[in-house]
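Student: I'll drop the sequence and a predicted model, then ask my questions.
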Amino acid sequence: MAGRAGAVIRGLGLLLLFLLELAVLVVGARWGWAVHGNLALRLLAAVAVPAVLATLWGVFGSPKARVVLRAPAKQAFQAAWFVAGGGMLALLGRPLLGLALVLVWAVTVTLLRLSGRPA
């Protein structure tokens, strides 16, 4: 029974990480929209920022990344990804929400690693 409960908890942790990854993309769009400029520039930034973030994640950060990084480099990339999301939230005037994003990610990754499942 403990094995099944552990699998469920790991599954929930991975789901939470996925939702946090999506949250960073949404934050990127919101941050892009906040760029000072005319409507066209704001719209371009709101589309381009999450597109660049998604491309970077697909190339370096995802479990099926195109560029296979060694564990320390991949962990550093993922940390930078979530810190960037937190930083964008802080720049949008939501520093506590940004801190919460980073802390929830860090705790989730730590628990997954302690459970024997790399994140």
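Tutor: Structure's in. What do you need? Numbering: from 1, shown residues only.

Student: gap between Gln78 and Val102?
Tutor: Shown here: Gln78 relative to Val102, a distance of 11 Å by C-beta to C-beta, to the nearest Å. Just so you know, the C-beta spots here come from the backbone N, C-alpha and C atoms, and that holds for glycine as well.

Student: same question, Val27
Tutor: Separation of Val27 from Val102 (C-beta to C-beta) stands at 12 Å.

Student: same check, this time on Gly58
Tutor: 21 Å.

Student: which of these two has more residues huddled nearby?
Tutor: Residue environment comparison for Gly58 versus Val102 gives the larger neighbour count to Val102, 19 against 13, counting by other C-beta atoms under 10 Å.

Student: residues touching that one, list them.
Tutor: The neighbourhood of Val102, defined by C-beta atoms under 8 Å, 6 or more residues apart in numbering, consists of 82-83, 85-86.

Student: and Val49, what helix or strand is that in?
Tutor: Counting by DSSP states H and E, the element that carries Val49 is helix 39-56.

Student: which SSE is the nearest residue to Leu56 once chain neighbours are set aside in?
Tutor: Beyond its immediate neighbours in the sequence, the residue positioned closest to Leu56 (C-beta to C-beta, 6 or more residues apart in numbering) is Trp81, lying 7.6 Å away. Mapping Trp81 onto the secondary structure by DSSP H and E places it in helix 71-91.
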